[in-house]
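K.L.:
give me a model of this one.
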Amino acid sequence: MEHAHHFLTRLDRLSIPHVELALSLYRDHELMKYILDSAKVPEGVERIALSLADPNRGPFLVVTRSGKFVTCLGEGMRKGALPVITREKLDGIATRVEVLRGRMEVARKVTGERGGVGKLFRRLHDAGPRLSREEFTAAAAWQPMLITDFIRWMIDTADDVKKARVILYGSFGDRTNSIQSSRMRLAAITTACGSSATWRRSGRSTAGWRSRIGRRRLFKKCTRCRMRGRPCGKE
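P.N.:
Numbering: from 1, shown residues only. Next up is the predicted model:
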């Protein structure tokens, strides 16, 4: 790796805690790329100031939009017109990355050999209440990449539960294994879909999905059996 010598020689402008933070960012190229992507740097801006403390007084790390480190600005040094990524935003993004890395590590341990991911999602589909915390954490690690598929799966499972309850309610109630498994699967997928970090990062909103699903279809309740969804016909 080609080192940014000018940047490294300017670290003496920072206090020891800020030097440690600066070097941790300098060594973690994937984290820096994620920070810059998440910060939505305006088009045409080639350099950005990362605030290590106060957003106005600094100190700052100056980096390019591609993630290369340029220099350090000590507290009170002028950053000019450079856009600033505040320390609060920096910490928030870094925390989300660490959470995701932790989940991916669990996913690697759980899935193990080749084909393990497919087995993991089959467990999510079939295990019901027997799904372990580790298996759920491993499956949730894929949420940022598969959020659209997770939501479609959630909707399909909700429809399965609704139809099964309409058919089986009179004879079996909620005690059948098929309904219980579907309900647990729905709960797991819904929880996996609910990471607010992913919605914030992608800029998406759940409003579009609610309109596609149809609020009346999801929230209308039968007055006889108290089931959500289309009335069961007992009214």
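K.L.:
what ranges do the helices span in this structure?
P.N.:
Using DSSP state H, the helices of the chain run over 5-9, 16-27, 29-39, 87-111, 116-126, 133-140, 143-172, 177-193, 196-202, 207-213, 215-219.
K.L.:
so for the second one, what gets flagged as buried?
P.N.:
Along helix 16-27, the positions that meet the burial threshold by neighbour count (16 or more other Cβ atoms under 10 Å) are 18-19, 21-22, 25-26. All C-beta spots, glycine's among them, are computed from the backbone N, C-alpha and C.
K.L.:
contacting residues for residue 45?
P.N.:
65, 82-83 (Cβ atoms under 8 Å, 6 or more residues apart in numbering).
K.L.:
who's in contact with residue 86?
P.N.:
51, 55.
K.L.:
and residue 36, how far is that from residue 25?
P.N.:
11 Å (Cβ to Cβ, to the nearest Å).
K.L.:
for residue 154, same thing?
P.N.:
Distance from residue 154 to residue 25, by Cβ to Cβ: 36 Å.
K.L.:
residue 81 - how many residues pack around it?
P.N.:
8 (other Cβ atoms under 10 Å).
K.L.:
offset the numbering so it begins at 38, please.
P.N.:
Sounds good: first residue 38 from here, last item residue 118.
K.L.:
how confident was the prediction at it?
P.N.:
Looking at residue 118, its pLDDT is 85.
K.L.:
how close does it sit to residue 46?
P.N.:
25 Å.
K.L.:
burial check on the nearest residue to residue 68 once chain neighbours are set aside, number of neighbours?
P.N.:
Distance criterion Cβ to Cβ, 6 or more residues apart in numbering; nearest residue to residue 68, sequence neighbours excluded, is residue 134 at 5.5 Å. With neighbours defined by other Cβ under 10 Å, the count for residue 134 comes to 17.
K.L.:
before we move on, what about residue 107?
P.N.:
Using other Cβ under 10 Å, residue 107 has 17 neighbouring residues.
K.L.:
what sits against the residue nearest to it when sequence neighbours are not counted?
P.N.:
Nearest non-adjacent residue to residue 107, counting by Cβ to Cβ, 6+ apart: residue 99, 4.4 Å away. Applying Cβ under 8 Å, 6+ apart, we find residue 99 in contact with 84-87, 106-110, 116, 119.
K.L.:
please name the bridge partners of residue 99.
P.N.:
residue 86, residue 108 (DSSP bridges).
K.L.:
distance of it from residue 91?
P.N.:
16 Å.
K.L.:
kindly report the same for residue 120.
P.N.:
Residue 120 is 16 Å from residue 91, by Cβ to Cβ.
K.L.:
before we move on, what about residue 62?
P.N.:
From residue 62 to residue 91 the distance is 18 Å (Cβ to Cβ).
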